[in-house]
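[1] here is a sequence together with a model predicted from it:
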Amino acid sequence: MLSRVANSVYWMCRYIERAENVARFISVNLNLLLDLPLEEGHHWEPLISITGDRARFEEKYDSSSQENVIRFLTFDREYPNSIISCLQAARENARSVREVISSEMWEQLNRFYIEVKEAESSGFAQNDPHKFFLMVKMRGHMFTGLLYSTMSHGEAWHFARMGMMIERADKISRILDVKYFMLLPTAEYVGAPYDNIQWAAVLKSVSAHDMYRKIFHRISPKQVADFLIFDSEFPRSIRHCIANALFSLHKITGTPLGTAGNRAEKILGRLQADLDYTDIDEVIGFGMHEYLDSLQGRLNQVGQEISATFFRHVPVEPAAATQQ
Amino acid sequence: MDFSAYQTEGFYDELFDEHGSPRPGARLLVKKIESLARESLLTKQQAAETMLLQLGITFAVYGNEEGSEKIFPFDVLPRIVDGSEWTRIEEGLKQRIFALNAFIEDIYNKRQILKDRIIPEDLVLSSKTYRKECIGFSPPHKIWCHVTGTDLIRDRDGVFYVLEDNLRCPSGVSYVLENRQVLKRTFPQVFEASRVRPVDDYPNRLLETLEHLAPQNVLSPRIGVLTPGIYNSAYFEHSFLARQMGVELVEGQDLVVHNGFVHMQTTKGLQRIDVLYRRLDDDFIDPLTFRPDSMLGVPGLMEVYKAGRIAMANAPGTGIADDKVIYAYVEKIIRYYTGEDAILPNVPTYICSDPKDQAYVLDNLDKLVVKAANESGGYGMLVGPHSTKEERGTFAALIRDNPRNYMAQPTIALSRAPTIVDGAIEGRHVDLRPYILYGRDIHVLPGGLTRVALRKGSLVVNSSQGGGSKDTWVVDGPL
């Protein structure tokens, strides 16, 4: 298929997943605030850290108040990773591949975008943020459902799912990273009074609470991290996402699983092997933050290799590069 | 719903003669409509619109960011052309396209017609659509205009005239095909009994026309439709034709010149492409040759094209033959290349660069239609009888300033066809755009796009200015 089409489908899904996960970050914080009233400001700062775009935030906003952070992450059109910007980008990508996706997907995405826009102008998002971010999450789920049930699972679909899975793995690692940092300054620290409630909120924010309980029953930070990184069956664990992304990648190239025909397959395959053969104790020994940080770096590399393998074949020549 | 209140008001009517009786080909249809209750006809109209919306035959509404889309207004009452009359139109169009193609080949090569002083040389060489880059070049099989959409109109006396030749990127054929799908289901019995000539093989024939262009040594050529992209108002048609032919729909950014060939960038690497049905104007196809600011084209495309390593339909340079001033010479062009008189007449035309014509035009602006040489879509045009004094003043200045760029024609009383307007049937002015393919031979799609000016009394049928469309039936009548 045309590289442009594959690229659009891939990014359409990455952007939707990104928008959904921004809503999840904010929603977990709102939940934590209900249980753990800390002094204003302190609690919202880490959300800016997750994004890696602190400098951008500080250019425009004087304090990391709840209002400012939510505005920045949700409705700031100048910030490319805000929910509204992500949805707009997803919609523009979808518009150029209408023949490839189902009309149900297009209509749902269009409605999603319009609803978020209206939620801003009507004040709904500001007045009832819990409900608003739940709506964003549900819309994200609905899009994923339509992707699975209304689009043929051919090459384009595998590009879509690969984008979604890589984005999801990245965002789960970021949620975990920031919560681990906030809630657990040292690796040995266990059993603070608020612990259970807070970690339950983290699990809920990634829709993992019920499934976690089936396996570990009691909530402990280490086991939450174990579940969200290594569980092989839960659809929002990093390992599960990577396995699916790798499967789709091999479906696209036709190279058998377990072998590698290009750089993207090598790097993603190695990442999966590491997840298959590492456990949580090793991660804690290595340092949770360091581990997740390196994981994010590797996911970035995967993204670059996918782009180089499928989306760009001829290096941009100097003559073309000088054009505006 | 009966036609008792229907008035032809002195215009030539496509379905009724001057005594108010249905024309021979239209009898079955008129009978059917008279047998329907008003509500059920209106229900059919509504059902047809819904069907078009579901088929996705929409155009984007500019300036509406919610992505809402509209259908091209469609009238459920078909326009009917009798088979015997059509045969003459078909012959006339074949003759005209053959001659225009020979003219283009001549202009870029021997220039015999200029040497023989049939057309003033400076008129041709000063045309904005003359492409000096094509001098000395001949496309495969010497065919330049593979796809043409010629605009025909009928005057008060019922004679068909050629109004315009569209030899660059004529659009609208997708509406012909989709309108037909809808109307077949709207009036199935009448359709069958009238023996309407089919249009459904157009995509196949277009594909054959394109395959015919492929370099000889390429066994199964890779073909693409080159579109300016999703923001172009004809994007639906580009994607529709690509799907119908089963070929790639590509944008300029998908193509790259590499090792002397044009390639598509695919997920499996570069793939060579052999034929492009390009729906971009010459100006935009290659920033290295034509407009350097074009973001839509492919840098280096023209060089590959001139080396014969990719074919394009239509060939760059065809615009010289649809310059609205050159138009005035087409009857002479036909006689020059075929030795025959034109079967389809031109509308009488005054050329503003001719001092005598110009004086007449300036004296009679209120009676004439004035057109710029290279505008389309109803822009750059003055309709004298409907113009204000101020508009006429503007055009008089434009003509004096650049006479080469203007021509004028008498206002034609376009024929009308019964059309559903606000729940009643009224006469509205129509034109007709048949589509002609030039491949192994010249093929005329039976019928074509009938465009209808939905505003009462309006003569402007363009979709951008309140026009709609009708299905066009070329009927051979009951057996």
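    That came through, no problem. Residues are numbered from 1 along each chain as shown, chains lettered A, B, ... in the order given.
[2] show me what from the stretch 151-300 of chain A comes close to chain B.
    Residues of the stretch 151-300 of chain A lying close to chain B (C-beta under 8 Å from any C-beta of the partner chain) are A:155, A:159, A:252. Bear in mind the C-beta positions are built from the backbone N, C-alpha and C, glycine included.
[3] isn't the first one up against A:Val5?
    No. Counting by C-beta atoms under 8 Å, A:Glu155 sits too far from A:Val5 to count as a contact (9.5 Å).
[4] looking at these two, which one has more neighbours?
    A:Val5 (24 against 20; other C-beta atoms under 10 Å in any protein chain shown).
[5] wait, that one sits on A:Ala156?
    Yes. Using C-beta under 8 Å, A:Val5 is in contact with A:Ala156, at 6.8 Å.
[6] in what helix or strand does A:Ala55 lie?
    For A:Ala55, the host element (DSSP states H and E) is helix A:54-60.
[7] which helices and strands sit right next to that helix?
    helix A:45-51 (3 or more C-beta pairs under 8 Å, 6 or more residues apart in numbering or on different chains; DSSP states H and E).
[8] show me where chain A dips below the pLDDT cut-off.
    Within chain A, the ranges that satisfy pLDDT under 70 run A:35-41, A:182-195, A:313-324.
[9] tell me the pLDDT of the residue lying closest to B:Phe191 once chain neighbours are set aside.
    Closest residue to B:Phe191 apart from its sequence neighbours, by C-beta to C-beta, 6 or more residues apart in numbering or on different chains: B:Lys184 at 5.5 Å. Looking at B:Lys184, its pLDDT is 92.
[10] from B:Ala413, how far out is B:Lys184?
    32 Å (C-beta to C-beta, to the nearest Å).
[11] and A:Gly145, by the same measure?
    A:Gly145 is 59 Å from B:Ala413, by C-beta to C-beta.
[12] any idea how many residues pack against the residue nearest to B:Phe191?
    15.
[13] list the contacts of residue 168.
    In the absence of a named chain, this looks at chain A. A:17, A:21, A:236, A:241 (C-beta atoms under 8 Å, 6 or more residues apart in numbering or on different chains).
[14] let me rephrase: I mean chain B.
    Applying C-beta under 8 Å, 6+ apart, we find B:Arg168 in contact with B:129, B:281-282, B:314, B:318-319, B:322.
[15] at 7 Å instead, please
    Contact partners of B:Arg168, counting by C-beta atoms under 7 Å, 6 or more residues apart in numbering or on different chains, are B:281, B:314, B:318-319, B:322.
[16] swap in B:Arg416?
    B:11, B:13-14, B:427-430.
[17] so residue 93 is in which element?
    In the absence of a named chain, chain A is used. Using DSSP H and E, A:Asn93 falls in helix A:83-95.
[18] correction: the question concerned chain B.
    Assessed by DSSP H and E, B:Leu93 sits inside helix B:83-108.
[19] can you list the buried residues in that helix?
    Residues of helix B:83-108 classed as buried by neighbour count (16 or more other C-beta atoms under 10 Å in any protein chain shown): B:83, B:86, B:89-90, B:92-108.
[20] out of the residues of the stretch 151-300 of chain A next to chain B, which is nearest to B:Asn405?
    A:Phe159 (49.4 Å; C-beta to C-beta).
[21] ok, the closest one to A:Val202 distance?
    With C-beta to C-beta as the criterion, A:Phe159 and A:Val202 are 31 Å apart.
[22] residues in contact with B:Glu248?
    Listed by C-beta under 7 Å, 6+ apart, the contact set of B:Glu248 reads A:2, B:224, B:242, B:264.
[23] the helix or strand harbouring B:Leu206: which residues count as buried?
    Per DSSP H and E, B:Leu206 falls inside helix B:202-211. By neighbour count on 16+ other C-beta under 10 Å, the buried set for helix B:202-211 is B:202-203, B:206-207, B:209-211.
[24] if we can go back for a sec, how about the contacts of B:Arg168 in TSV, adding distance to B:Glu49 and pLDDT?
    As requested, the contacts of B:Arg168 are exported to TSV (distance: C-beta to C-beta, whole Å; pLDDT from 0 to 100):
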residue	distance to B:Glu49	pLDDT
B:Asp281	32	91
B:Asn314	33	95
B:Thr318	36	96
B:Gly319	36	94
B:Asp322	33	88
